[in-house]
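Chemist: Please work out how this folds:
(3 chains)
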Amino acid sequence: MLEWYDAHARVLPWRVPPGSGEAADPYRIWMSEIMLQQTTVVTVKAYFERFTARWPTVADLAAAEDAEVMGEWAGLGYYARARNLLKCARVVVADHGGSFPNTEAELLTLPGIGPYTAAAVASIAFDQPAPVMDGNIERVMARLFAVEAPLPGSKPVLKAHATRLTPAERPGDHAQALMDLGATICTPRSPACGICPLMAACFARAQGIAADLPRKAPKKVKPTRLGYVYVARRADGALLLETRPEKGLLGGMLAFPTSEWSDAPEEAPPFEADWRDTGVEVRHTFTHFHLRLTLRQTEAPMDLAPERGEFVPEALFKPSSLPTLMRKAYDLSETDHDPA
DNA sequence: AAGGCGGGGAC
DNA sequence: GTCCCAGCCTT
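Modeler: Numbering: from 1, shown residues only, chains lettered A, B, ... in the order given. Below is the predicted model:
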């Protein structure tokens, strides 16, 4: 596995090339692992570059304003990660002298760091033989040992296989090798068994069932929820926006006011006005439901003091600081701005 | 143990 | 449209 990795390791912004002798920066490894949770490498790259350029050290990040970090994270999703990222940076500075702890057990106590991330940081940044388990490695183990029991019940068996294979030497490169393999060869559909370095050892390949593994429990159907979203613009271009509550969907993110989201939502405009029915529907799909928001718009008087949210001057408003649902509403709203 | 929690790309 | 992704937290 390590020979294959030395020859084929992907070049990634947070990765130290194998054999370079360079030490990995725990801050950068941690940052990349948080961003990579349930998120593809392609998506993460640009965010990782922006974050590390703006905040080069954990102390820089710990000193940042909450709104700056949430705005920079906008579009990446799973916003609890951004809130925990900042919490974690502040704990590392306040309680660990600005250096990440170097054991799996200590890392596991930090906000936003669970079993996967603790093992990944311990092995990649600190060269400790902590067995790393993620979706890629689960799939590789299920195929390598032809585990036919469905996920998530089979997780303990897959973890046992991964633990047994974790070497004392270069455990971080071993873990990254398995993840690279899962991402490029042992893919969910149409695995490229013909060029796989583990071809000779793989039981699923021998049985011709590689593409059928891992089996998974059937998923639930996503319901559709409805609602209204209210875009109010003043003559000077300022937009009415609010910061959503810390907990829950899009927590801590900038947003246009909306009604409740349900089967039969009631209108809930942020202030009394002649709200135009634009005839536009904003469609978006979250992890567990589809959403359709009817777009309402109005011109707000300059002297209005809203009870919800506040008017953000045009010069201070960055569309890129909105989560994608709200960015869609902004792009679909009728204005003189260029949707491109 | 189960459910909440984003978004984009591949098919 | 569905499935998947370097998962974590709450209940």
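Chemist: Residues of chain A that sit close to DNA strand C?
Modeler: Applying CB under 7 Å from any atom of the strand, one finds that chain A approaches DNA strand C through A:12, A:15, A:32-33, A:36-41, A:78, A:80, A:84, A:111-118, A:120, A:134-136, A:139, A:176, A:179-180, A:182-183, A:188, A:216, A:219, A:221-222, A:285, A:290. For glycine as for every other residue, the C-beta is placed from the backbone atoms N, C-alpha and C.
Chemist: Type out the PyMOL command that picks the buried ones from those.
Modeler: What follows is the PyMOL syntax for the buried subset of the residues of chain A next to DNA strand C, where burial is set by 16 or more other CB atoms under 10 Å:
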select buried, chain A and resi 12+15+32+33+36+41+84+111+112+113+116+117+118+120+134+136+139+176+179+180+182
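Chemist: filter the residues of chain A next to DNA strand C down to the ones near DNA strand B?
Modeler: Okay, of the residues of chain A next to DNA strand C touching DNA strand B (CB under 7 Å from any atom of the strand), that's A:38-40, A:78, A:80, A:285.
Chemist: Tell me the residue of chain A that sits nearest DNA strand B?
Modeler: Per CB to the nearest atom of the strand, A:Gly77 is where chain A lies closest to DNA strand B, at 2.6 Å.
Chemist: Let me see the backbone angles for that residue.
Modeler: Dihedral angles of A:Gly77 (phi, psi; degrees, to the nearest 10) stand at phi 80, psi 170.
Chemist: That one contacts A:Thr39, doesn't it?
Modeler: Yes: between A:Gly77 and A:Thr39 there is a contact at 7.0 Å, judged by CB atoms under 8 Å.
Chemist: re earlier: among the ones next to DNA strand B among the residues of chain A next to DNA strand C, which one sits closest to A:Ala160?
Modeler: Using CB to CB, A:Gln38 is the member of those that lies nearest A:Ala160, at 23.7 Å.
Chemist: Now for the single nearest residue of the stretch 101-250 of chain A relative to DNA strand C: which residues touch it?
Modeler: Relative to DNA strand C, the nearest point of the stretch 101-250 of chain A is A:Gly114 (2.4 Å; CB to the nearest atom of the strand). Residues near A:Gly114 by CB atoms under 8 Å, 6 or more residues apart in numbering: A:Leu108.
Chemist: repeat that with 10 Å
Modeler: By CB atoms under 10 Å, 6 or more residues apart in numbering, the contact list for A:Gly114 reads A:37, A:107-108.
Chemist: ditto for A:Asp25
Modeler: Counted by CB under 10 Å, 6+ apart, A:Asp25 has contacts A:14, A:16, A:31, A:52, A:56-58, A:100, A:125.
Chemist: can you redo those as a markdown table with neighbour count and distance to A:Tyr228?
Modeler: Formatted as a markdown table, the contacts of A:Asp25 follow (neighbours: other CB atoms under 10 Å; distance: CB to CB, whole Å):
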| residue | neighbour count | distance to A:Tyr228 |
| --- | --- | --- |
| A:Trp14 | 22 | 41 |
| A:Val16 | 19 | 50 |
| A:Met31 | 23 | 37 |
| A:Thr52 | 19 | 39 |
| A:Pro56 | 13 | 43 |
| A:Thr57 | 15 | 44 |
| A:Val58 | 24 | 42 |
| A:Phe100 | 22 | 45 |
| A:Ala125 | 22 | 47 |
